[in-house]
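**Q** One predicted model, sequence on top.
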Amino acid sequence: MRYLAPKTVEEATTLLAEHPGAKVFAGATDVIPQLKAGRPEPEALVDLKKISQLVSVSDEGGHWSIGAAAATAKLTGNKALAAEFPGLVEAAGLIGSDQVQSRATLGGNLCNASPAADSVPAMIANGMRAVIAGPGGTRTAAVEDIPTGPGSTQLAAGEFIVSFELDHVPARTGDAYLRLIPRTEMDIAVVGAGARITLDDAGNVAAATIAIGAVAPTARRVPAAEAALVGNPINDQTLAAVAEAASAACNPIDDKRGTIAYRRQVAGVLARRAVVAAAERAAARTNGGN
Amino acid sequence: MSRTHVTCTINGDEVEFLCEDDTTLLDALRDEVGLTGSKEGCGTGDCGACSVILDGALTCACLVFAPEVDGGTVVTVEGIADGNQLHPLQQTFLEGAALQCGVCTPGFLVAAKALLDENPHPTETEVRYALAGNLCRCTGYDKIIRAVLAAADYNGSEG
Amino acid sequence: MAIIEQDTTNPGFKWIGTRPIRPDGYEKVTGKARFGADMMLPGQLEGAVLRSPHAHARIVSIDTSEAETMPGVKAIVTGADFPDLKEAGAGAADVDLAVNIIARDKVLYEGHVVAAVAADTRKQAQAASKAIKVDYEVLPHVLTVDQAMAPGAPILHPGTRTKNVEPAPEEDSNVVSRVVQQLGDIDAGLAAADVIVERTFTTKPVHQGYIEPHAAVADALPSGRVHVWCSSQGHFAMRTMTSTVLGCDPTRIKVTPAEIGGGFGGKLVIYLEPLAARLSQKTGRPVRIVMNRDEVFKGTGPASGTKITVKIGATNDGKLTACKSELFYEAGAFAGSPVGAATMTMIAPYQFENLLLEGYDVLVNKPKVAAYRAPGAPMAAYAVESVIDEICQKIGMDPIELRLKNASVEGSQAAYGPKFPKIGYVETLEAIKNHPNYQIPLGPNQGRGVASGFWFNAGMNSSATVHLNEDGNVTVVVGSPDIGGSRASMALMAAETFGIDVARVQPFIGDTETVGFNDVTGGSRTTLATGQAVTEACEKVKADLMARAAKTWNCDVSEVEWVDGQVQKLDGSEPPLSMAKLARGWGRTGGPVSATASLNARGVGSAFSTQVCDVEVDPETGVVRVLRYLTAQDAGRAIHPSYVEGQFQGGVVQGIGWALNEEYVHTEKGTMDNPSFLDYRIPVASDLPMIDTIIVEVPNPGHPWGVRGVGEVGIVPPLAAVANAVSNATGCRLTDLPMSPMRVLDALNQKSNGGNGH
């Protein structure tokens, strides 16, 4: 297996075309354990971390641009980003230990396509977009559409995510991500729930996005939960509807980490709690980001 | 099979070694450079026994491909003392009996050093969460946490 | 800092009870200490092991021809390279050991070794092992005691007939044997009870979880000797077992102990050593084999999964009248679960007049179990202490008061035969009861649980040699690997004996050729037995030096005395002779000074522990968090209190993991589903509070320093302490471990649906 470290997006695209059996990587926090578990070694591994666009985090005016290979430690260490999107940044910060945080990336977390990826529900709730480079040029896709099933994405051969776009948050908006793990750290999420709430001046919900993870082949939004909130206050009744909708939207499996019944029940609990946390943050934020 | 030549700085010294491209940094440190202080407890980033500081960031050496560190800087447990002067953490670990078998100790020392370098006076909770990536099976963590807090106090008393 | 409730007859030790820095500590904090995998010899080859992917299969054929030609490969071994001990008429335990090291005609669990390869690099050895073609005839397998005992179950070892059952069985079985502890009249005892609680509990196999995987380096020398470096809990035991499997005399094998990165009982047996040795013999080069974490889970010895039914009767005022129990313990693929020890320890804290405890050793297609800290006891204590807790709830009695009312004391009849000598169980109960933690008010969704435990501790054999050096300092050579700070304790006991500063004592762990025979570091025996040997050897040196001084002064030895590291004339008519002075003069008085003590330890003292745990349960998710934990344990005499506390705390946290999260998960095919630290979940630092400790000291009258072993009993109460706390918090009695969020939420759901909370 060869290690290749291009310095530009163009160089990376060329290398991937020259080595059809090559794969890209950033933190290797999934790649190395998978190789050790017996996954066949690719012909080459292309390290994306030496490409400056892939690792930078910057405010581009209308939106944040987050390099797909930027370590999550860089996100949690960015005070402005963390203040504007606490849910997203906390979610990114939950991936593994502090050791893993210096290596884990949003691009890797998304493209590894584990149904339980911690950053994905929060990315979906915040409407993030992926900027993709490939042999055919550059294109953009909703983060929600990238994973197509456990371990697979819609990316074509030779394509890789360069960065994520995250529009600045409107006023009275807050986000949150919660997960259920048996310990306090170091576990893969048994259930994950991300929520983003925008309140109107009356304190009712003007906009809501709710996404659940680890309870279906891919993380997904729960339109019925969102509909139960929009135009309404947050109270026991609407929250109960959120929980019910979230449970109903699950399509989980029994595995060593959780049962179908447990995931269904707890998805409702976490969706409800995430909405409450996001709403509290929304109420506290009178101005929008930037 | 041709091997890649890597040049980097380890514990302040310029070091060169050869490795295959899929060799991890942990294996390169142990087998090529002769620094066996970093341990393999799991090989998959779940135990922290191989913790090193790479380009200023705490990381698991088992999750890094050795060729990645070409031109980079690595600090291992063998490099946290200042010559013969132990780092305050090493001293408080000894005084506080914060090690029993000692195999997880290198990883804890490096992780705790990384913590105190960034957050010189952490709370007990902050210490516990910062060290959640380091597994210990002997101590139940109690004396380790106390030793880290004691080293933080020691730093504080110096100025 | 621990509270030490000290024995008032403490004669005021100068060194024992202090907390010096351990002598091996500097190497361990600087990364210089050499553990099993850190050994590199010139010309060393690297090994890889091929293991069965099947839980149960016949090996039809093994074809190594392609593997042998692969790059870097120097040798391959299979079962055919090792003697057939069954044919040689060896005992059953030795036959099982040898077949567990490497399979012969059958593989009995996923992970069972089939072959091993030595090559220039580990990558080459691994690639070659994958190219070995094994033709398996897959057989049906059994994974639980119920499956193993079901009619028509596949039999692991044809010819196995259950021992100690009447009438003698006429059919093969997976139940190897039955053990019984009996006292009094069980039916009368139950009839005399006002309240009876009967529950069935299940626990899963758990792993000791040492952070250091097994590793061994073997160097077969041209003379026929084999030098082995390995981390283990006893290099003499490693030598004995390796020689048995290889078919040679133990004297031909030299074992040098590496530092050991945790054992807890799991490194009392060998796995890699004979493979590395045989590969080294075949290649003429040193061979290193290191397990990865996957192999540690699949190819070493976890603790038994169990199914235990306990029925206890009590009067309304809390007098326990009878205990009946049936225990089924998984042995794994070969006989030898610790179910016997379970029956001997499970009710030891209590005076029962009527007992019937029946334990069964059951074969299943899983790795052969190995010891794990008080082997057999934690699971049985979980059952007994939970049932006692439920009795307390039913009769409205405080859990410590009931235990005080029934507590074993000096003179009580232990279930397993002897009457207890002086013991400190009541003192541990009082210590918990009187501690402020026991009074802290609990909030919503919080609960408190109490449990006690017992372990007998071992004595066994130790040897130590003490050398006086020219500078007047001493070297103490022991043969006990240092798992938890024992070198420091040996130095303290030597310092106390001589009356010299502990810094003048240099402890050293000798290999199998530089120190006399030593049994393993395990069974909570090291401070006791090796400490006895060290103390005795020091006393011999003292006696020798007093004789030398008398000779120097031309007087009788009755006219001299030893004070603080010097020999003095009782009448003061000569200046004292220091150890250094006596050393410099040894040529004139008879030669260098050195003494050895080899003994079978006497006066073993048992250990009791009582623990209290506070938890908070999230009622909507079933997640349990430990808020507070306090343990009180009788250490007899704490030689180095910091390392005694460390043993208490380590055992408690392993027990918490066992109670809440740890388990072997198997697929239906009999393969392990979670062989990594990601999904085999041991506690992490953020999961826990500080573990408060109380060192109770009721000195063991049988030991020169009053020592009782401390390493094991700490893991016995936590399973029940946590379960009782969860019961107190939720009103649900959980009888299946681990109490994962799934199981807790399930119990809560059933309770709110009108179930009985079980």
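**A** All right, it came through fine.

**Q** in the stretch 51-200 of chain C, what residue is nearest chain B?
**A** Closest approach between the stretch 51-200 of chain C and chain B, counting by Cβ to the nearest Cβ: residue C:123, at 7.3 Å. All C-beta spots, glycine's among them, are computed from the backbone N, C-alpha and C.

**Q** What about that residue, how many residues nearby?
**A** 18 (other Cβ atoms under 10 Å in any protein chain shown).

**Q** list the contacts for the closest residue to chain A within the stretch 401-550 of chain C?
**A** Closest residue of the stretch 401-550 of chain C to chain A, Cβ to the nearest Cβ: residue C:445 (14.2 Å). Contact analysis of residue C:445 by Cβ atoms under 8 Å, 6 or more residues apart in numbering or on different chains lists C:616, C:617, C:618, C:619, C:729, C:730.

**Q** Same question for residue A:3.
**A** The neighbours of residue A:3, taking Cβ under 8 Å, 6+ apart as the test, are A:44, A:45, A:47, B:4, B:21, B:22, B:65, B:67, B:68.

**Q** redo that, cut-off 10 Å
**A** By Cβ atoms under 10 Å, 6 or more residues apart in numbering or on different chains, the residues touching residue A:3 are A:25, A:44-47, B:4, B:19-23, B:65-68, B:70.

**Q** Residue B:133 too?
**A** So residue B:133 contacts A:96-101, A:185-186, B:45-48, B:51, B:58-60, B:107, B:111, C:684-686 (Cβ under 10 Å, 6+ apart).

**Q** Mind checking which of these are in helices?
**A** A:98, A:99, A:100, A:101, B:107, B:111 (DSSP state H).

**Q** near chain C, which of those residues show up?
**A** Residues shared between these and the neighbourhood of chain C are residue B:107 [Cβ under 10 Å from any Cβ of the partner chain].

**Q** do the helix or strand residue C:237 falls within and chain B meet?
**A** Using DSSP states H and E, the element containing residue C:237 is helix C:235-246. No - using Cβ under 10 Å from any Cβ, helix C:235-246 never reaches chain B; the gap is at least 15.8 Å.

**Q** Determine the next helix or strand in the C-terminal direction from that helix.
**A** Proceeding N to C from helix C:235-246, the next assigned helix or strand is strand C:253-257, under DSSP H and E.

**Q** That next one pairs with which strands, and in what direction?
**A** Sheet pairing for strand C:253-257, assigned by DSSP bridges, gives strand C:226-230 (parallel).

**Q** how many other residues sit next to the nearest residue to the residue of the stretch 51-200 of chain C closest to chain B once chain neighbours are set aside?
**A** Closest residue to residue C:123 apart from its sequence neighbours, by Cβ to Cβ, 6 or more residues apart in numbering or on different chains: residue B:20 at 7.3 Å. Neighbour count for residue B:20, taken as other Cβ under 10 Å: 19.

**Q** ok, back up a step: now for the helix holding residue C:237, which elements pack on it?
**A** If you count contacts as 3 or more Cβ pairs under 10 Å, 6 or more residues apart in numbering or on different chains; DSSP states H and E, helix C:235-246 packs onto helix C:92-101, strand C:215-220, strand C:226-230, strand C:253-257, helix C:273-283.

**Q** hmm, 7 Å instead?
**A** Counting contacts by 3 or more Cβ pairs under 7 Å, 6 or more residues apart in numbering or on different chains; DSSP states H and E, helix C:235-246 packs against helix C:92-101, strand C:226-230, strand C:253-257, helix C:273-283.

**Q** could the ones you listed be laid out in JSON lines, adding distance to residue A:7 and mean neighbour count?
**A** JSON lines is the format used below for those (distance: least, Cβ to Cβ, whole Å; neighbours: other Cβ atoms under 10 Å in any protein chain shown):
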{"stretch": "helix C:92-101", "distance to residue A:7": "52", "mean neighbour count": "20"}
{"stretch": "strand C:226-230", "distance to residue A:7": "46", "mean neighbour count": "26"}
{"stretch": "strand C:253-257", "distance to residue A:7": "50", "mean neighbour count": "23"}
{"stretch": "helix C:273-283", "distance to residue A:7": "45", "mean neighbour count": "25"}
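
**Q** Can I get those in JSON lines including distance to residue C:312?
**A** Supplementary listing: these in JSON lines, determined by distance: least, Cβ to Cβ, whole Å:
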{"stretch": "helix C:92-101", "distance to residue C:312": "34"}
{"stretch": "strand C:226-230", "distance to residue C:312": "44"}
{"stretch": "strand C:253-257", "distance to residue C:312": "44"}
{"stretch": "helix C:273-283", "distance to residue C:312": "45"}
